[in-house]
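Student: Let me see the structure of the following:
(one chain, ligands or ions: 2)
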Amino acid sequence: MATMTVIDTVSQRRPARLPIPQTVRGRYRTIKTAIAWALLAFYFITPWIRWDRGPSLPDQAVLFDLPGRRLFVFGLEFWPQDLPIAVGALVLGAFGLFGATAVAGRVWCGFTCPQTVWTDLFFTVERFCERLFGKGTLLSSIAKPVAQIALAVLTAFGFAAFFNDAPSFPLALVTGTAPLGAYLAIGILSLTTWLFAAYAKERICLHMCPWPRFQAALLDKESLVVTYQRWRGEPRGKKREPLRPELSDLTALIREASSFDTGRGDCIDCMRCVNVCPTGVDIRDGLQMGCIGCGLCVDACHEVMTRIDRPTGLIRFDVEGSDRAGSFTQAKVQIVRPKTLLYAVLCLLAFGSMAVGITRMESVLLDVEPQRGQPFVQLSDGSVRNDFSFRLAHRLPHLDRVVIRAEGLDGASLRFATEETGQETVALAMPGNRRISDRLFITAAPGQAPKGRANIRVIVSDAESGATLGEVETYFWGPAR
Ligand code: SF4
Ligand code: SF4
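Tutor: Numbers count the residues shown, from 1 in each chain. Ligands and ions are numbered 1, 2, ... in the order given. Take a look at the predicted model:
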């Protein structure tokens, strides 16, 4: 399948016309705002959703438990050994993104990328300050950085809240009882958020992000992109006649441009499409890497065309080459095609493997391995001891005590390395992180040790209900008499 030509005008791009893009109303602005609100609400509200996690953990629905090396997502608990599920999620995300790009161009960049969402939010804050205190005033130039820094700190706090108990976290931060890592994370994230969203802004998209370089390979002739319908736009308004000095504002310019009725294209060269563009792109030069596909120029031009009473769609989402067709109507979008079908199948496979992985996640992981080296130790009273490495982890929120016993060896006693004396069963309290890794000693009473090797079974059960949680087949060595 042929791929689309995307002009690399990033390097020779003209600077943004305005330091803060103008506001615009329209369909894509509304979609963009709705998506931004949804994502911001997800980001800031999720850590505050409560979920019963038992007595030893914060009741948080989504929690990254770094000390316990696990992730909680509502009823699911992921451990490092569940990495294949995380890989499935990444593959699903990657092919989902490829598919969305093949169908609708850079929708990820224009509507959902955190860089886009936060830059848009910071622009809104800047505009609000200018409206409140006046453009270029001292108060405005103080208020803007103060508001931006506050927003950056709030963003960093929102991120850190995923790793801590959100309701008690602010107090812990203020009283100095939060972990040192929390202060470091908030400091670094505040700085990077401010740097990316308030200072670098569109430069991240234009010069640092690799995605624009990939998009040329992912787009094809059927993909939707932002197009300027050159056939009806040119020659532009200003070319026809010099503007009179009193026509300095947009309304006057539109009125002036509307008064001509022959021999010119529909573009009145008002620059509205450029002035609303968050990356300062002039889409009339063709599809460019700097264009993030946000559709704001579509809304801007739609507004202008409506005001000068010309058909809308001079700038519109359409397939590449629609300009040459010379039609006022948008081409029919071909969503189902070999490339998109392939992405859909790959997404389904990734989703299926994730679902299988989740349903097969074990609640209890038990591992009992004989220690390497000397197979047994003969004690002075004639008893024989074998050493095992014992690892137990579980995802049962209300399990806090287990009982361990061995079967297959009459009169055997068990103890962990930290205990003095052994018993037939060992009761063990499970700490908050629900993992235990210790040395387990199993001792056969004098005269009870097997000759050579004997199979035994180590069983772990719930101390309260008696239900078996896990068992492991292993072996016990005695002296070969
Ligand atoms: S908004 Fe429309 S009319 Fe104005 S410069 Fe852009 S393309 Fe031309
Ligand atoms: S050219 Fe249009 S679609 Fe592209 S980034 Fe600028 S405003 Fe968004």
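Student: Could you confirm V24 falls within a strand?
Tutor: No. The assignment for V24, made by DSSP: H, G, I helix; E, B strand; the rest coil, is coil rather than a strand.
Student: wait, isn't it in contact with A300?
Tutor: Yes. Using Cβ atoms under 8 Å, V24 makes contact with A300 at a distance of 4.8 Å. In short, each C-beta sits where N, CA and C put it, glycine included.
Student: neighbour count winner among these two?
Tutor: A300 (27 against 21; other Cβ atoms under 10 Å).
Student: Doesn't that one belong to a strand?
Tutor: No. Assessed with three-state DSSP, A300 is helix; it does not lie in a strand.
Student: What residues does this structure have near ligand 2?
Tutor: 226, 276-279, 281, 283, 291-297 (Cβ under 6 Å from any ligand atom).
Student: Ligand 1: which of these is nearest?
Tutor: Nearest to ligand 1 out of those is C297 (Cβ to the nearest ligand atom; 6.7 Å).
Student: how near is the closest residue to the closest one other than its chain neighbours to L138?
Tutor: Nearest-residue entry for C297: C273, 3.8 Å, with adjacent residues in sequence omitted and distances by Cβ to Cβ, 6 or more residues apart in numbering. Distance of C273 to L138, given as Cβ to Cβ, to the nearest Å: 33 Å.
Student: Of these two, which one has the most company?
Tutor: More neighbours surround C273 than the other of C273 and L138, with 26 against 9 (other Cβ under 10 Å).
Student: Could I get the phi/psi values of the more buried one?
Tutor: phi -60, psi -30 (degrees, to the nearest 10).
Student: still on that earlier bit, the residue nearest to C297 and D299 touch, don't they?
Tutor: No. Taking contacts as Cβ under 8 Å, C273 lies outside contact range of D299: 9.2 Å.
Student: Where do the domain boundaries of this structure fall?
Tutor: According to automatic domain parsing, the chain comprises the domains 27-220, 225-325, 364-477.
Student: low-confidence ranges in the chain?
Tutor: 1-17, 238-263, 431-433, 481 (pLDDT under 70).
Student: what does it put close to ligand 1?
Tutor: 233, 267-273, 284, 300-301, 304, 314-315.
Student: Just the buried ones out of these, please.
Tutor: Buried by 16 or more other Cβ atoms under 10 Å: 233, 267-273, 284, 300-301, 304, 314-315, out of the residues of the chain next to ligand 1.
Student: any chance of these in JSON lines, plus distance to V174 and secondary structure?
Tutor: Shown next, in JSON lines, are those (distance: Cβ to Cβ, whole Å; DSSP: H, G, I helix; E, B strand; the rest coil):
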{"residue": "G233", "distance to V174": "57", "secondary structure": "helix"}
{"residue": "C267", "distance to V174": "56", "secondary structure": "coil"}
{"residue": "I268", "distance to V174": "56", "secondary structure": "coil"}
{"residue": "D269", "distance to V174": "55", "secondary structure": "coil"}
{"residue": "C270", "distance to V174": "51", "secondary structure": "coil"}
{"residue": "M271", "distance to V174": "48", "secondary structure": "coil"}
{"residue": "R272", "distance to V174": "47", "secondary structure": "helix"}
{"residue": "C273", "distance to V174": "47", "secondary structure": "helix"}
{"residue": "R284", "distance to V174": "53", "secondary structure": "helix"}
{"residue": "A300", "distance to V174": "45", "secondary structure": "helix"}
{"residue": "C301", "distance to V174": "50", "secondary structure": "helix"}
{"residue": "V304", "distance to V174": "51", "secondary structure": "helix"}
{"residue": "L314", "distance to V174": "54", "secondary structure": "coil"}
{"residue": "I315", "distance to V174": "50", "secondary structure": "strand"}
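Student: For the stretch 101-250 of the chain, just list every one of the strands.
Tutor: 224-228 (DSSP state E, counting those that start in this stretch).
Student: closest point of it to ligand 2, which residue?
Tutor: V226 (4.2 Å).
Student: Appreciated, that's everything.
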